[in-house]
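Novice: Have a look at this prediction, sequence included:
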Amino acid sequence: MAMLECRHPLSSGVSKTQIRRQRVTAHALPFGIKLPTWGQAEARTSTTKRLEELQLQLNQSSQGTRYGAAASAQDQEHVLQVVDELKGLNPKASAPVSKLDGTWQLLYTTEKSVHGLVKVLPVQNITQTIDINDQRVTNRIQLAANSALQASAPMRAVNNSRIEYAFDTLTLTLFGLNLDLSSIVRGGGWTEAVFCSQDMRVMENSQGDTLVFEKQA
């Protein structure tokens, strides 16, 4: 019977470094499963960390600006720079419409109409609620003294990140009494998620404005 010869790996001219590389980069797993290389894994970790840092920066930069109405030119520039970097790291395709569902607190906006209201009215809170099941979007500006301004619209998902809407309901609440102003409501367009995580989303709309929201608990 022929005897099997057991040879040490190094005797065949294969170095220890080559063996380690083969183990690290091996991808042959059952069911076609592939493991990322160390470089790919490190890149993902770095991107995730940077996204977290940018979200924190955006949140902090929005504080004290009264939704952007009191933001300095430097604040405005910084916010838009952070938004641009977020957009580059997080493609629109990764923010599906389903992730937009829920009530969101407005942190910052470039909308002049909102800034005008904030400067003259006792605004306490501004929220946007997107109801994917009912296909409606509702914007609410909560005022002091049990007063509020609320507009609602049916919406349609155009793609994974963009929705179209046309307002059909407008209600002004003064000291707890509701006034239906739907007969004079106008406006509509589209809004698109350029970044969306579990806690924050950044939108751009058909008016050319940028809005930053934080998920309400």
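Specialist: Great, that's in hand. Numbering: from 1, shown residues only.
Novice: now L54: how far from D75?
Specialist: 16 Å (CB to CB, to the nearest Å). Where you see a C-beta, it was placed from the backbone N, CA and C, and this is true even at glycine.
Novice: And the one helix or strand D75 maps to, what's buried?
Specialist: Using DSSP states H and E, D75 falls within helix 73-89. Neighbour counts over helix 73-89 (16 or more other CB atoms under 10 Å) mark 75-76, 78-79, 82-83, 85-86 as buried.
Novice: Okay, angle between the lengthiest helix in the chain and helix 73-89 too, please.
Specialist: In terms of residue count, the longest helix belonging to the chain (DSSP state H) is helix 38-62. Per axes from the mean of the first three to the mean of the last three CA atoms, to 10 degrees, the angle that helix 38-62 makes with helix 73-89 is 150 degrees.
Novice: now helix 38-62: mean pLDDT?
Specialist: Averaged over helix 38-62, pLDDT sits at 82.
Novice: which residues touch that helix?
Specialist: The contact list for helix 38-62 (CB atoms under 8 Å, 6 or more residues apart in numbering) reads 24, 36, 68, 75, 78-79, 82-83, 85-86, 89-90, 107-108, 197, 199-200, 202, 212, 214.
Novice: which parts of that helix are buried?
Specialist: 51, 54-55, 57-59, 61-62.
Novice: can those go into a markdown table with extra columns for distance to S113?
Specialist: Output for the buried residues of helix 38-62, formatted as a markdown table (distance: CB to CB, whole Å):
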| residue | distance to S113 |
| --- | --- |
| L51 | 30 |
| L54 | 27 |
| Q55 | 26 |
| Q57 | 26 |
| L58 | 22 |
| N59 | 23 |
| S61 | 22 |
| S62 | 18 |
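Novice: Identify the farthest-apart pair in the residues you listed.
Specialist: The span of the buried residues of helix 38-62, defined through CB to CB, is set by L51 and S62 at 16.8 Å.
Novice: what number of residues lie near I132?
Specialist: 16 (other CB atoms under 10 Å).
Novice: for it, phi and psi?
Specialist: phi -70, psi -40 (degrees, to the nearest 10).
Novice: separation between it and L149?
Specialist: For I132 relative to L149 (CB to CB), the value is 24 Å.
Novice: Same check on L51?
Specialist: For L51 relative to L149 (CB to CB), the value is 34 Å.
Novice: longest single strand anywhere in this structure?
Specialist: When the chain is parsed with DSSP state E, its longest strand is strand 147-157.
Novice: helix/strand/coil for the closest residue to R201 other than its chain neighbours?
Specialist: Among residues not flanking R201 along the chain, F213 sits closest, at 5.0 Å (CB to CB, 6 or more residues apart in numbering). What DSSP: H, G, I helix; E, B strand; the rest coil gives for F213 is strand.
Novice: cool, and T65?
Specialist: Quick answer, by three-state DSSP: T65 is coil.
Novice: so who does it touch?
Specialist: By CB under 8 Å, 6+ apart, the residues touching T65 are 71, 75, 108.
Novice: Just list whatever residues bridge to the last one.
Specialist: This points to Y108. Y108 forms beta bridges with Y67, V212, as assigned by DSSP bridges.
Novice: before we move on, the earlier item: please read off the pLDDT at the residue nearest to R201 from the model.
Specialist: 97.
Novice: got a list of what T103 touches?
Specialist: 127-129, 215-216.
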